[in-house]
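Novice: give me the fold of what follows.
(one chain, ligands or ions: 2)
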Amino acid sequence: MNLGSPDSPEVKDVRRYLNEFLMDSRVLDFPAVFRFPLVRGIITPFRAPNSAKAYSKVWRKDGSPLIVLTRQLADAVQQQFDYPVRTAMRYGNPSPRKVFDELLQADPGLKEVILFPLYPHYTMSSYETAVAYARAIHKKYKYPFSLKFVSPFYNHPDYIAALAARIAPYLEQGYDKILFSYHGLPERHMRKDDETISRYQNGAKDTGFVMPAINYQKQCHETTRLVAEKLSLPENRYETTFQSRLKQAGNEWIKPYTAPRLETLPADGVKKLLVVCPAFINDCLETLEEIAMEGKHAFESAGGEELVYIPCLNDSKPWTDTVVAWVKAML
Ligand SMILES: C=CC1=C(C)c2cc3[nH]c(cc4nc(cc5[nH]c(cc1n2)c(C)c5CCC(=O)O)C(CCC(=O)O)=C4C)c(C)c3C=C
Ligand SMILES: [Fe+2]
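Specialist: Numbers count the residues shown, from 1 in each chain. Ligands and ions are numbered 1, 2, ... in the order given. You can find the predicted model right below:
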C-alpha cells in the first residue's frame, strides 16, 4: 500500500486528489471546522494548478510514476510468490476496498491479507494513516479475512542493505557529498507522534505492529547513520535534510530544509552532489520533480557542477527479495 496519485495530471483530478489527501485529519491535523475552509478555500484552489503542472512533467504514458512503479514492485514480488499480490493506495485509486473486493471475489475462502505499507518510517501522516484507513474499511465492510501489517522498517538490516546496494555504484563515480533528503513534517506532528509513542510504550495502546521507540525525525537520522555506517561514509561527506514543506500546514517544519541547503552547498565547496530520498520506496512527484528536476536546477544554478539523483529502491532486486522474505516470514 502506497500513498496514491491523482488519476491524471489534469487540474480537476489533481484537485479531487488534493481534497481527499488534505482532508485527512492525520495529514492536516487542524479541527475539521478550520480544515475544511483551509483546504477547499485556500490550499487546493491555489495548489492544484501548480501541482498539475508539476505532475505533467513526470507523468508517464502508463500513468503516475508512483502508481506505475508500485505496480512494478508488486509484479516483481508476484514472480516469487504463490499468493496473489496487489497494490492499493491510501488516496485515489485503487482503493483498499476495491482491492479487498477483488481478492475476495477471486478466492471466497480468503483467510488473511498481509498489508505492506510502503513507508520505512512511522508517522501519523504516512504509515499510521495507511494502517488506520485499511482497518476502517476492513471493519466497515465486515470482510471475513484477517489483516496483518508489516511494521515500520527504518532500521531493519535488510532495508539498510538494499539502500546501501542502491547507493554504492554512485559513490564509485566520485562525489563531494551525499544528501539524504526525507519527506518533511510539521513540528506539531512530531509532538503528537511523541505522545502516541509514549502511550504505546506504557502499554495503553495495541497497534498490531511494532511501534518505533523514537519519532520520525530521529528514525530518519537513524536510517542515515546506519546506511553511512554500512557504506563507511566519512562523517563530513553526508548530511540529512527534509523536503516537500507545505507552509499552510504550519510554519515550523522539521529542519534543516532540503531546498535552501541545495543552494548553499556549492558555497561550502560541494561541486558534485548525490541525493537519495530514503523515505520514499517508489519514485514519485516529490523525488522526480522536486529533487531530480527542481533541486538539480537550484543546485547547479547556485554554482554546483552536478546533482546526481539516486532513484528509490523501486523494484531493485535486493529490495524485491527483501519484500518477499519478510512477507513469507509472516505466513
Ligand atoms: C501537511 C502536508 C503533508 C504532510 C504532513 C505529508 C507527509 C508525507 N507525505 C509523504 C509522501 C508523499 N507525499 C506526496 C505528495 C504530497 N504531499 C503533500 C503534503 C504532505 N505530505 C502534498 C500536498 C502532496 C501532493 C503533491 C503536491 O502538491 O506537492 C507524495 C507523492 C505523490 C505522487 O503522486 O507522486 C508522496 C509519496 C510521506 C512519506 C509523508 C510523511 C513522512
Ligand atoms: Fe507528502
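
Novice: near ligand 1, which residues of the stretch 1-150 of the chain show up?
Specialist: For the stretch 1-150 of the chain, the contact set with ligand 1 under C-beta under 6 Å from any ligand atom comprises 3, 5, 18, 27-28, 47, 51, 64, 66, 119, 123, 125-126. Quick note: C-beta positions are derived from backbone N, CA and C, even for glycine.

Novice: for the protein, which segments are assigned as strands?
Specialist: In the chain, the segments counted as strands under DSSP state E are 112-115, 146-149, 177-183, 238-243, 272-276, 306-310.

Novice: circling back to that earlier point, need the residues of the stretch 1-150 of the chain next to ligand 1 in a markdown table with neighbour count, pLDDT and distance to residue 256, can you?
Specialist: Shown next, in a markdown table, are those (neighbours: other C-beta atoms under 10 Å; pLDDT from 0 to 100; distance: C-beta to C-beta, whole Å):
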| residue | neighbour count | pLDDT | distance to residue 256 |
| --- | --- | --- | --- |
| 3 | 26 | 98 | 24 |
| 5 | 26 | 98 | 28 |
| 18 | 21 | 98 | 26 |
| 27 | 21 | 98 | 22 |
| 28 | 22 | 96 | 23 |
| 47 | 18 | 97 | 24 |
| 51 | 20 | 98 | 24 |
| 64 | 23 | 98 | 29 |
| 66 | 26 | 98 | 26 |
| 119 | 26 | 98 | 22 |
| 123 | 25 | 98 | 18 |
| 125 | 25 | 98 | 20 |
| 126 | 24 | 98 | 20 |
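
Novice: hey, which of the strands of the chain is tucked in deepest?
Specialist: Among the strands of the chain, strand 177-183 has the highest mean neighbour count (mean count of other C-beta atoms under 10 Å), at a mean of 25.

Novice: could you dump that strand to CSV, C-alpha only?
Specialist: C-alpha atoms of strand 177-183 as CSV (Å, rounded to 0.1, in the frame of the first residue of the first chain):
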residue,chain,number,x,y,z
LYS,A,177,28.7,15.0,-0.6
ILE,A,178,25.7,12.7,-0.4
LEU,A,179,22.5,14.3,0.8
PHE,A,180,19.8,12.1,2.5
SER,A,181,16.6,14.0,1.8
TYR,A,182,13.5,12.8,3.7
HIS,A,183,9.9,14.0,3.4
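
Novice: so that strand versus strand 306-310, what angle?
Specialist: Here the directions of strand 177-183 and strand 306-310 differ by 50 degrees (axes from the mean of the first three to the mean of the last three C-alpha atoms, to 10 degrees).

Novice: check contacts around residue 143.
Specialist: Residue 143 makes contact with 100, 104, according to C-beta atoms under 8 Å, 6 or more residues apart in numbering.

Novice: now do it against ligand 1, distance only.
Specialist: Computed with C-beta to the nearest ligand atom, to the nearest Å, the distance linking residue 143 and ligand 1 is 26 Å.

Novice: and what of residue 235?
Specialist: 25 Å.

Novice: now that residue: closest residue in space that isn't a chain neighbour?
Specialist: residue 228 (7.8 Å; C-beta to C-beta, 6 or more residues apart in numbering).

Novice: likewise for residue 125?
Specialist: Once flanking residues are discounted, residue 125 sits nearest to residue 27: 4.6 Å by C-beta to C-beta, 6+ apart.

Novice: and the gap between the one you found and residue 43?
Specialist: Here the criterion is C-beta to C-beta, to the nearest Å. By it, residue 27 lies 11 Å from residue 43.

Novice: residue 31 now?
Specialist: Distance, residue 31 to residue 43, using C-beta to C-beta: 16 Å.
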